[in-house]
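Q: Quick one, what's the 3D model for this:
(chains A and B)
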Amino acid sequence: MAVLVVADHDNSAIVPIVLNTVTAAAAIDADVHVLVAGHNAGAAAEAAGKIAGVAKVLHVDGAAYEHQLAEALAPVVVAHAGNYSHILFPSNTTGKNVAPRVAALLDVAQISDIVEVVSGDTFVRPIYAGNAMATVQSTDSVKVITVRGTAFAAAEAEGGSAAVESVDGAEDPGLSSFIGQELTKSERPELTAARVIISGGRGMQSGENFEIIEKVADKLGAAVGASRAAVDAGYKPNDYQVGQTGKVVAPELYIAVGISGAIQHLAGMKDSKVIVAINKDEEAPIFSVADYGIVGDLFKLVPELDAELEKQDIKPR
Amino acid sequence: MKLLVAVKRVIDYNVKVRVKGDETGVETANVKMSMNPFDEIAVEEAVRLLEAGTATEVVAVSMGVQQCQETIRTALAMGCDRGIHVKTDDELQPLAVAKLLAKIVEQESPDAVILGKQAIDDDSNQTGQMLAGLLGWSQGTFASEIVLQDGKANVTREVDGGLQTIAITLPAVVTTDLRLNEPRYASLPNIMKAKKKEIAEMTPDELGVDIAPRLTTLKVTEPPKREGGIKVETVAELVDKLKNEAGVI
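A: Numbers count the residues shown, from 1 in each chain, chains lettered A, B, ... in the order given. Next up is the predicted model:
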């Protein structure tokens, strides 16, 4: 049976993590379909059809789906669920919001945040913020799954030519409505989607001092994060927090500046491909997970790093 | 307005979790257990609504082994009025918890259920959304602000790119994110008072819910260990390594 990926989108474009979700879907079955439910979202549906490896796009149009609110979207997914053995969502805030509602309506378990497809019914997922990996087997007829984007390569956004089929939605229960949104205005990428992250800890000593980190971030196209200690000290708001109680990230490069490396922080970033630690205390636990450590005063080293990147003309990828 | 809060007993967030040698799970013997941090935020929010006069009663529910009553006592010490303990030694997965909560909602008829967005043990992030689905209620997940009005609530949600505000009709399920509030510590007099508060006990059987797990855990393993790295002396060396050895910049 085919596998359905429920796409996250803004009605005009597909959110990048959907590409990773398609790769996870293809590891289960070659027949991958994508559901795009939105309002005037023809462009998003077409974009979904171009993703390499996608065989068919189901396009549902209706005002109720403009913001992909769970109450309206879940019944649509349920209405089409009968044709699929697996229903995959990206493990971002949209997928995490909708998927469990779908699972409950189908009376099946959900498998959250998978990082590996072992077989059609067996998956690996992190528990305890990645301090342990659980291999779980589902006995349900339909598997509802959310996919950790950083664990799967992105499918090519171009190259596919799947047909876009308009299909029916479902009755809108009218339980929720969108009022507004306040998206962080930043030229920088969002933490959980960033290829490079540079985070500051208590060693930064103030919020203003994050400026030196931000300069480096701009040279690398990096997102800026903070440890819980830095957040608790009021240097940065909570949505910057990387750690067990904040965001769990796994970028290609994570640069920890003035972060000692408390368990709770390590839990949120230790799956990063390459970790760099800059800290004045050579005994700091962060060095035990860092691929490259440099001991010294961050107020000297970080501007030096900035200058070196400038000198070598390093640009964001 | 009556509120229900759900609280889970988990390994304390400061404990370094260790995988058991036989790969059946993680070590829980002699490990400090606490209320799931996101559930503490849920309790705090409910108690604030009680103190503000918006809510008239707050009931704290927990499920699992006998010791879950300690977690309920913590909620009572923070200001909840009474507790409900669904007692079982069997494994409870999110769908089963949601079904049990749905039964308790039938009995208690709250106007809203508030719970943490995720438990820091299994990291599922499912129970609230599942409960809303089972009840046919609206859901305000990952909340950083809740404004209750007549028959509806405006919930500001932490989404990937920032904040989103939605209006949901009551009754509703709300799940809490970190920025919603700063949970209080229970004072000694309140801890003493909480000992006298009522905790009703029931079982999944009495609630008529099949809690059989749908997922079988085949094994629990250590995550791939990181190789100990190297120290570099200069920033130039660091940039060289990142560029030419690691190839990440």
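Q: so B:Lys16, which of the three states?
A: coil (DSSP: H, G, I helix; E, B strand; the rest coil).
Q: count of residues packed around it?
A: By other Cβ atoms under 10 Å in any protein chain shown, the residues close to B:Lys16 number 13. Bear in mind the C-beta positions are built from the backbone N, C-alpha and C, glycine included.
Q: give me every residue that touches it.
A: The neighbours of B:Lys16, taking Cβ atoms under 8 Å, 6 or more residues apart in numbering or on different chains as the test, are A:Asn131, A:Ile263.
Q: A:Asn131 versus that one, what's the distance?
A: Remark: distance between B:Lys16 and A:Asn131 (Cβ to Cβ, to the nearest Å) = 8 Å.
Q: ditto for A:His265
A: Counting by Cβ to Cβ, the gap between A:His265 and A:Asn131 amounts to 12 Å.
Q: if you count what's nearby, which of those two comes out ahead?
A: Per other Cβ under 10 Å, whichever of A:His265 and A:Asn131 has more neighbours is A:His265, with 29 against 21.
Q: and the more buried one, that's in a strand?
A: No: according to three-state DSSP, A:His265 belongs to no strand; its state is helix.
Q: list the contacts for it?
A: By Cβ under 8 Å, 6+ apart, A:His265 lies in contact with A:Gly201, A:Ser227, A:Arg228, A:Val242, A:Gly243, A:Gln244, A:Ala256, A:Ile259, A:Ile286.
Q: Now go through these and say which are in helices.
A: Using DSSP state H, the members of the contacts of A:His265 that fall within helices are A:Arg228.
Q: What about chain B: which of the contacts of A:His265 touch it?
A: Among the contacts of A:His265, the residues lying close to chain B (Cβ under 8 Å from any Cβ of the partner chain) are A:Gln244.
Q: what about B:Ser109, neighbour count?
A: Residues near B:Ser109, counting by other Cβ under 10 Å, number 9.
Q: can you check B:Asn190 too?
A: Counted with other Cβ under 10 Å, residues neighbouring B:Asn190 total 14.
Q: so which helix or strand takes in it?
A: When elements are defined using DSSP states H and E, B:Asn190 is found to belong to helix B:188-194.
Q: Name all residues that make contact with the residue nearest to B:Gln139 when sequence neighbours are not counted.
A: Residue nearest to B:Gln139 in three dimensions, not counting chain neighbours: B:Ala132, with 3.7 Å by Cβ to Cβ, 6 or more residues apart in numbering or on different chains. B:Ala132 makes contact with A:Ala70, A:Glu71, A:Arg101, A:Ala104, B:Ser138, B:Gln139, B:Ala172, B:Val173 under the criterion Cβ under 8 Å, 6+ apart.
Q: let's go with 7 Å and repeat that
A: A:Arg101, B:Ser138, B:Gln139, B:Val173 (Cβ atoms under 7 Å, 6 or more residues apart in numbering or on different chains).
Q: likewise A:Glu308?
A: A:Glu308 is in contact with B:Val235, B:Ala236, B:Val239, counting by Cβ under 7 Å, 6+ apart.
Q: again, only this time at 10 Å
A: The neighbourhood of A:Glu308, defined by Cβ atoms under 10 Å, 6 or more residues apart in numbering or on different chains, consists of A:Val216, A:Lys219, A:Ile314, B:Thr234, B:Val235, B:Ala236, B:Glu237, B:Leu238, B:Val239, B:Asp240.
Q: do B:Val19 as well
A: Contacts of B:Val19 were listed using Cβ under 10 Å, 6+ apart, and they are A:127-128, A:131-134, B:25-27, B:219-223.
Q: where's A:Ile278, which helix or strand?
A: Taking DSSP H and E as the definition, one finds A:Ile278 inside strand A:274-279.
Q: Run through the neighbouring helices and strands of that strand.
A: For strand A:274-279, the contact count by 3 or more Cβ pairs under 10 Å, 6 or more residues apart in numbering or on different chains; DSSP states H and E identifies strand A:196-200, strand A:253-257, strand A:292-295, helix A:298-311, helix B:235-240 as packing neighbours.
Q: I'd like the ones you listed written out as JSON lines, with distance to A:Ser177 added.
A: Formatted as JSON lines, the helices and strands packed on strand A:274-279 follow (distance: least, Cβ to Cβ, whole Å):
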{"stretch": "strand A:196-200", "distance to A:Ser177": "34"}
{"stretch": "strand A:253-257", "distance to A:Ser177": "39"}
{"stretch": "strand A:292-295", "distance to A:Ser177": "49"}
{"stretch": "helix A:298-311", "distance to A:Ser177": "45"}
{"stretch": "helix B:235-240", "distance to A:Ser177": "50"}
